[in-house]
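For reference, the sequence and a predicted model appear below.
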Amino acid sequence: MRRARAGGGVPFVLISTVVVGCAVACSGGDALSADPHVDDLPSLTLVEELRLGDREDPDVGFSRVGAAVPTPDGGVVVLEQEARELRIFDIQGTLVRTMGGWGEGPGEFDRPTSMGLVGDTVWVRDPGNSRFTLFTLSGDLLTTVPILEVELDQPVPGVVVMGVPSRLRSDGRFEGRVNVRNLAGPAEGLSGSAPILLFDESGAVVDTAGEREWSVDPGMTIGGQAVPPLPPPFPESAIRLEVSEETTVRVHRRAATAASESTFSVVGLNPHGDTLFTSRFRYDPAPVPQSTSDTILDTRAQALAPVLQESPDAVRRELESALSLPHFFPSVSDARIGSDGTIWLRREDDGIQASRWILLEEDGAPRGALELPVGSSVHWSDRSHLWVVELDAFDVPWLVRYEMEASEGSR
């Protein structure tokens with residue numbers, strides 16, 4: 001068996017919140033003001049417990065980590081997308097087993113995109129082979145489940161909405177996500193809702209689990225030609241997260257329009273749409289540098305010029321008038337739910353500063369905000385541990401397990 005390099009106890013500093021957005025007292029009985037400023041939050045500490053990877057040995061080093069999920073015994077399952085395989089490490093960082101490989105045969109992967117663990121069953125979503133593949137943690141192949149798209153009825157002309165299985169649930173059914181295709185061209189107000197489908201192991205729809213809202217960008221016309229909708233460079237629409245079957249969270253993060261202090265909010269809702277909690281935070285808007293806007297316009301102009309059969313300069317001029325780029329970064333660039341229902345919010349992402357996250361409890365009570373190296377990504381989290389992929393100076397990914405230690409006064 002091979003062993004990846006393990007790191008020592010390296011401390012890392014976090015910034016921890018202490019207040020609930022609606023004026024709640026924290027530990028020690030101190031009354032805390034509503035709407036705290038994110039830069040005034042107290043700190044936590046991260047301690048590195050384990051570092052997996054290798055620059056020289058591809059069998060234990062990584063090229064592209066698609067997912068990482070800890071096992072019940074303290075190890076971790078890693079989806080290595082470049083090698084099209086699963087790797088299982090024990091609690092000490094020893095590689096004990098690999099599964100998968102590139103191909104179309106039983107237990108092989110073509111384009112694995114996501115992975116999870118339910119009990120002792122590892123599932124891998126593989127759109128390249130149009131299937132899920134399920135293994136035991138001991139490496140036995142259990143079964144494969146087809147990925148079948150189901151078209152959903154929609155009252156919006158020119159919009160095709162599909163339900164497609166995306167993950168294995170704890171009840172053994174596969175939960176669907178909603179894919180939307182805009183065939184109508186440039187148009188305003190393309191939005192609606194669609195049922196969340198539940199699929200069985202044959203790929204058949206067996207039930208629904210509520211509804212999910214959808215919207216598509218309206219698209220634009222450049223040089224008299226319709227251009228497909230372009231993804232916004234800095235998404236500002238509300239982020240929807242499912243904490244549990246009883247709680248949905250919405251993160252409202254519209255970019256500020258002025259340099260003065262602004263706020264963002266996190267709202268918890270029950271299945272009936274009733275508000276369970278609201279947490280608000282103040283922040284100082286971060287301006288988008290002109291160089292960043294120029295790069296966005298240049299990149300998109302270069303991509304569209306051959307399609308429109310115009311020069312990049314001409315397309316860029318059209319884009320400048322058609323695109324409304326924000327002057328400030330949205331307050332929250334990403335969000336995720338921890339395995340224990342904790343809520344993780346990534347702050348402004350300019351690609352230059354460290355990756356900053358705010359941690360909330362399941363009920364919206366702030367617990368902490370963390371700072372990780374530039375280019376890092378969180379793959380698994382709860383209120384006390386993180387599995388993070390970090391890039392070294394050679395852009396080689398390393399998988400790192402951190403323990404979070406609360407500082408004095410944090411909850």
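Okay, I see it.

Sketch out the low-pLDDT regions of the stretch 51-200 of the chain for me.
Scanning the stretch 51-200 of the chain for pLDDT under 70 picks out 184-189.

now the strands for it?
65-70, 76-80, 85-89, 94-100, 114-118, 121-126, 131-136, 141-146, 150-152, 159-168, 174-182, 191-199 (DSSP state E, counting those that start in this stretch).

now do the stretch 201-350 of the chain
With DSSP E, counting those that start in this stretch, the ranges of strands along the stretch 201-350 of the chain come out as 205-215, 220-222, 225-227, 239-244, 247-252, 262-269, 275-283, 332-337, 343-347.

Trp380: which of those is closest?
Of all those, strand 332-337 sits nearest to Trp380, with 9.4 Å by CB to CB. Where C-beta positions appear, they are placed from N, C-alpha and C, glycine not excepted.

which residues does the closest residue to Thr136 other than its chain neighbours contact?
Nearest non-adjacent residue to Thr136, counting by CB to CB, 6 or more residues apart in numbering: Asp120, 5.8 Å away. Residues in contact with Asp120, defined by CB atoms under 8 Å, 6 or more residues apart in numbering, are 72, 136-137.

which among these gets closest to Thr143?
Distances from Thr143 to the contacts of Asp120, taken by CB to CB, are shortest for Thr136, at 10.9 Å.

The closest one and Thr121 touch, don't they?
Yes: between Thr136 and Thr121 there is a contact at 6.6 Å, judged by CB atoms under 8 Å.

list residues touching both of the two?
Leu142.

phi, psi of Pro289?
When read as degrees, to the nearest 10, the backbone of Pro289 gives phi -60, psi 150.

For it, grab the count of nearby residues.
12 (other CB atoms under 10 Å).

what sits against it?
Pro289 touches Asp350, counting by CB under 8 Å, 6+ apart.

try the one 3 residues further on
Applying CB under 8 Å, 6+ apart to Thr292 gives the contacts Asp350.

Low-confidence bits of the stretch 301-411 of the chain, can you list those?
Applying pLDDT under 70 to the stretch 301-411 of the chain flags the ranges 407-411.

the helices in it, which residues?
312-322 (DSSP state H, counting those that start in this stretch).

Pretty sure Gly75 sits against Arg97.
No: Gly75 is beyond contact range of Arg97, at 9.7 Å (criterion: CB under 8 Å).

Surely Leu372 is in contact with Trp387?
No: with contacts counted by CB under 8 Å, Leu372 stays clear of Trp387, the gap being 11.7 Å.

which neighbours do these two share?
With CB under 8 Å, 6+ apart, Leu372 and Trp387 have common neighbours Val378.

ok, so what distance separates the nearest residue to Asp217 once chain neighbours are set aside from Leu323?
Distances taken as CB to CB, 6+ apart put Pro229 closest to Asp217, at 3.6 Å, once the chain neighbours are dropped. Distance of Pro229 to Leu323, given as CB to CB, to the nearest Å: 12 Å.
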